[in-house]
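**Q** I'd like to go over a predicted model; first the sequence, then the structure.
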Amino acid sequence: MLAVLLQLSAVAAVTEWIPLPAGIRGLPVESRCPGVAVRDVSALSRAAFVREFRGARPVLLRSPALLAARGRWARGALLECCAGEVVQVGADARSIVTNHGEGAANATLSEFLETRMLAAGGGRAQPAYLFDRSQFARQPRGREQLRTVPFPPLLLPQDRSMEGFSMQDGLDIYLLIGGANASVGFHDHADSLVAVLHGAKRWFLYPPHRIPAPSWRSRRGMAEAPVAAVAGSVQCVQLPGEFLYVPEGWSHAVLNLGETVAVAQQQKVPHGEYFRRRLLAQQLASAREFKDSRRIAMETVRKWPERAEAHAALAHNLLEELEPPSTLTEEQVRAALKIAEACLRKAISLDATDSVSAANLCKVYVQTGRLADAALAVCTQAVLQDGASYNALFWLGRMRLGRKEFAAAAKHLQRCTLVDPLAPEGHYQLAAALLTFDRGVSKELVRKVAKLQLRRCAEGRGDCERLRDVDANTAALWGDLQANKGEL
């Protein structure tokens, strides 16, 4: 009898979501969302929403109908409905942001829930995240399931409702499922409305033109931060039965508290001219339509010269154009790097806390071979401002490598690989650093560690092949690794 009960409890453990701790469920809204406006969704008309909140500030909307819909989104019910539907899955927080707000890999819903979500040591703290943008909504069972979420018609045209939803309505529909501590780093986009059905989401939000606090840019920093009002920012813990409106252009990061299921609407086209231009330039750059992207980004800088992020975005587009396979001539590359440097310097002069621009300026210095102390100071400052930034750590490591400061390079690149274990470039450069110096450690041990890093690089599903030409030592090591795959 006891064995049967244990079996039944084991089945229950994987057929239902792990419940939130009572301490989170019982928090009053004033404590978990300090300074955030709270409304009953039935009492907020679309006209009042547009007048009071649209584009201006977040609002938390309480919805008994959303709370009542939770049963349709229980783990067992979701599997019964939609186990075979294909969804987009992100490996980690950084990959979702760099993949333009969606998971890069496809999996069936059952494969994610029964394998990938449980992959980390049998627990559910694995950062893999079901982050699906409209793919689930395009499949018949997925579309029917999404219609059970009673979204208010705030982001839709006034004469349309969720029941009449179609892909032409100008909205993306996101399905978001992740374990405890699954997160997405700071990013921004057009207006969105997020519904939590199970678990809880902890939000960190900044209005446009504000740079997020460095301590909130890592999963650990978000998890350890107290829920309290911080000048210039908004925090909120969103519980089941609540919608959160995130205004266009507000930079935000999100951390799951417990196993969390959410559905979101997001406008495809921004309503503000500045943000619309910026998004269009980003989309064109992603499609490698660099000529049009550069033109729009330059027009944006001329029209809004006081905005640091406009200069930073132009520089970012120029640097993306230099990534392989680039069609620019050497003269065009030099010109692009010169303009990018000027834009980044201007962005930093307008906002001294802009660590992203500092990291990109460090990248420009490395790529142009400028390794003097002044350049090193820029790279160091980027890491001091945001020690959890992969980009800042990576380019400081590359700067140290270029200066032949191999021990310091290895230290920064080791931190880089801890920030993003799946990004191959950090492992590759760390291997290069380890192979080039011997500080009381046997060369064989250094070589063994370097091989391990390269193996992790190869497992990171990144394009390691294009990294072979970093230097002669690394290229030789890569050949050795390829020749001895079986032994590693």
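**A** Everything's here; your move.

**Q** where do the strands sit along the stretch 51-200 of the chain?
**A** Counting by DSSP state E, counting those that start in this stretch, one finds strands in the stretch 51-200 of the chain at the ranges 59-62, 86-90, 105-108, 129-133, 171-178, 183-187, 192-206.

**Q** mind listing what's buried in the second one?
**A** Buried residues in strand 86-90, defined by neighbour count with 16 or more other CB atoms under 10 Å: Val86, Val87, Gln88, Val89, Gly90. From N, CA and C alone the C-beta is placed, and that goes for glycine too.

**Q** By pLDDT, give me the weakest of those residues.
**A** pLDDT is lowest at Gly90 among those; the value there is 76.

**Q** quick one: that residue from Asn391, how far?
**A** 18 Å (CB to CB, to the nearest Å).

**Q** again, but for Arg116
**A** Computed as CB to CB, the Arg116 to Asn391 distance reads 26 Å.

**Q** Looking at the two, which is more packed in?
**A** Neighbour count, other CB atoms under 10 Å: between Arg116 and Asn391, Asn391 has more, with 21 against 18.

**Q** any idea which element that one lies in?
**A** Assessed by DSSP states H and E, Asn391 sits inside helix 390-402.

**Q** After that helix, which helix or strand is next?
**A** Assigned by DSSP H and E, the successor of helix 390-402 is helix 406-419.

**Q** other SSEs contacting that next one?
**A** helix 390-402, helix 424-435 (3 or more CB pairs under 8 Å, 6 or more residues apart in numbering; DSSP states H and E).

**Q** okay, the ones you listed in a markdown table with distance to Arg334 next?
**A** Listed next are the helices and strands packed on helix 406-419 as a markdown table, based on distance: least, CB to CB, whole Å:
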| stretch | distance to Arg334 |
| --- | --- |
| helix 390-402 | 18 |
| helix 424-435 | 23 |
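
**Q** any idea how far Met298 is from the residue nearest to Pro207 when sequence neighbours are not counted?
**A** In space, and not counting its chain neighbours, Pro207 is closest to Trp250: 5.8 Å by CB to CB, 6 or more residues apart in numbering. Computed as CB to CB, the Trp250 to Met298 distance reads 25 Å.

**Q** do Asp386 as well
**A** Noted for Asp386: a distance of 27 Å to Met298, by CB to CB.

**Q** Name the residue in those two with the higher neighbour count.
**A** Asp386 (25 against 17).

**Q** so how far is stretch 47-65 off the chain centroid?
**A** With CA atoms, centre = their mean, to the nearest Å as the basis, stretch 47-65 stands 25 Å off its chain's centre.

**Q** ditto for stretch 325-332
**A** Counting by CA atoms, centre = their mean, stretch 325-332 comes out at 30 Å from the chain centroid.

**Q** Next, the residues that contact that stretch from outside, please.
**A** Residues from elsewhere that reach stretch 325-332, judged by CB atoms under 8 Å, 6 or more residues apart in numbering: Glu321, Leu322, Val333, Ala336.

**Q** Just the ones of those residues in helices?
**A** Counting by DSSP state H, the part of the contacts of stretch 325-332 found in helices is Glu321, Val333, Ala336.

**Q** Surely the second one and Glu321 touch.
**A** No - here Val333 lies out of contact with Glu321, judged by CB atoms under 8 Å, at a distance of 9.1 Å.

**Q** Between those two, which is the more surrounded one?
**A** Neighbour count, other CB under 10 Å: between Val333 and Glu321, Glu321 has more, with 20 against 16.

**Q** who's in contact with that one?
**A** Residues in contact with Glu321 (CB under 8 Å, 6+ apart) are Ala285, Phe290, Ser293, Arg294, Leu328, Ala336.

**Q** ok, back up a step: relative to Val194, which of the helices and strands packed on helix 406-419 is closest?
**A** Among these, the nearest to Val194 by CB to CB is helix 390-402 (25.9 Å).

**Q** Mean confidence (pLDDT) on the closest one, please.
**A** 89.

**Q** for stretch 130-139, same thing?
**A** Averaging pLDDT along stretch 130-139 yields 91.

**Q** Buried residues in it, which are they?
**A** For stretch 130-139, by 16+ other CB under 10 Å, it's Leu130, Phe131, Asp132, Arg133, Ser134, Gln135, Phe136, Ala137, Gln139.

**Q** thought the fifth one was touching Asp172?
**A** Yes - at 4.9 Å, Ser134 and Asp172 qualify as touching, with contact defined as CB under 8 Å.

**Q** just to revisit the earlier point, between the buried residues of strand 86-90, which is nearest Gln414?
**A** Of all the buried residues of strand 86-90, Gly90 has the smallest distance to Gln414: 24.2 Å, by CB to CB.

**Q** these two touch, right, that closest one and Ala128?
**A** Yes - counting by CB under 8 Å, Ala128 is a contact partner of Gly90 at 7.0 Å.

**Q** wait, what's in contact with Gln266?
**A** Counting by CB under 8 Å, 6+ apart, Gln266 touches Leu171, Asp172, Ile173, Tyr174, His189, Ala190, Asp191, Ser192, Leu193.

**Q** any idea how far Phe275 is from the last one?
**A** Meaning Leu193. Separation of Leu193 from Phe275 (CB to CB) stands at 17 Å.

**Q** burial measure for the nearest residue to Ala410 once chain neighbours are set aside, as a count.
**A** In space, and not counting its chain neighbours, Ala410 is closest to Ala433: 4.1 Å by CB to CB, 6+ apart. Look at Ala433: counted by other CB under 10 Å, it has 27 neighbours.

**Q** contacting residues for Ala433?
**A** Contacts for Ala433 (CB under 8 Å, 6+ apart) come out as Gly397, Arg400, Leu401, Phe406, Ala409, Ala410, Leu413.

**Q** Please enumerate the helices of the stretch 1-150 of the chain.
**A** 2-15, 22-25, 29-32, 46-52, 64-68, 75-82, 93-98, 109-111, 140-146 (DSSP state H, counting those that start in this stretch).

**Q** hmm, back to that, filter the contacts of Glu321 down to the buried ones, PyMOL style.
**A** Per 16+ other CB under 10 Å, the buried members of the contacts of Glu321 correspond to this PyMOL selection:
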select buried, resi 285+290+293+294+336
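
**Q** Same list (the contacts of Glu321) but as JSON lines, adding secondary structure.
**A** Supplementary listing: those in JSON lines, determined by DSSP: H, G, I helix; E, B strand; the rest coil:
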{"residue": "Ala285", "secondary structure": "helix"}
{"residue": "Phe290", "secondary structure": "helix"}
{"residue": "Ser293", "secondary structure": "helix"}
{"residue": "Arg294", "secondary structure": "helix"}
{"residue": "Leu328", "secondary structure": "coil"}
{"residue": "Ala336", "secondary structure": "helix"}
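
**Q** ok, back up a step: what's the most distant pair in the contacts of stretch 325-332?
**A** Spatial extent of these (CB to CB) is set by the pair Glu321 and Val333 at 9.1 Å.

**Q** would Tyr245 count as being in a helix?
**A** No - checked against three-state DSSP, Tyr245 lies outside a helix; its state is strand.

**Q** Distance check, the closest residue to it other than its chain neighbours against Pro152.
**A** Sequence neighbours aside, Val59 is the residue nearest to Tyr245 in space, at 4.9 Å (criterion: CB to CB, 6+ apart). From Val59 over to Pro152 the distance is 11 Å, taken as CB to CB.

**Q** anything in contact with each of those two?
**A** With CB under 8 Å, 6+ apart, Val59 and Pro152 have common neighbours Leu44.

**Q** can you list the weak-confidence ranges in this structure?
**A** Applying pLDDT under 70 to the chain flags the ranges 1-15, 91-104, 118-127, 156-169, 209, 211-231, 421-424, 428, 432, 435-488.
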